[in-house]
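Q: Structure of the sequence below:
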Amino acid sequence: MAKESKGFLKTWKDDRGFGFIKPDDGSDDIFIHISALGECVRRPHRGDVIFYQVEHSDDGKSKAVNATIEGVESFAKKGSKQWILLALSSLGLAGVAVATYFLAAG
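A: As a prediction, the model looks like this:
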């Protein structure tokens, strides 16, 4: 298993889905793409603490992979299927309540 590193998100271009992490160990900034964050429940923000692994490509460039944002859950950890079912159920109940209100008022 690759070593996990830690740093803070120094820059983030949300419209393009990438940015750079400043590693805590003082090494060079690491590129991170939104796809490295997997199933985080929110997009990253500049200043977030990021845990990640480093992958080196054949051309000598490094990028963050298997990344997480400190204090931010992932859909997988929340039990994504249960969470989605709960959200859909809530929407269904709200729809029934609205329909009942309009039927009673009419």
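Q: gap between the nearest residue to residue 25 once chain neighbours are set aside and residue 98?
A: Nearest residue to residue 25 in three dimensions, chain neighbours excluded: residue 5, at 7.2 Å (CB to CB, 6 or more residues apart in numbering). (Glycine included, C-beta is placed from N, CA and C.) Using CB to CB, to the nearest Å, residue 5 is found at 49 Å from residue 98.
Q: and those two? which has more neighbours close in?
A: Taking neighbours as other CB atoms under 10 Å, residue 5 and residue 98 compare with residue 5 leading, 18 against 10.
Q: what sits against the more buried one?
A: For residue 5, the contact set (CB atoms under 8 Å, 6 or more residues apart in numbering) comprises 23-25, 30, 51-54.
Q: out of those residues, which are buried?
A: If you count burial by 16 or more other CB atoms under 10 Å, the buried members of those come out as 23, 30, 52, 54.
Q: Let's have those residues in a markdown table, adding distance to residue 71 and pLDDT.
A: Formatted as a markdown table, the buried ones among the contacts of residue 5 follow (distance: CB to CB, whole Å; pLDDT from 0 to 100):
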| residue | distance to residue 71 | pLDDT |
| --- | --- | --- |
| 23 | 19 | 97 |
| 30 | 20 | 97 |
| 52 | 15 | 96 |
| 54 | 22 | 95 |
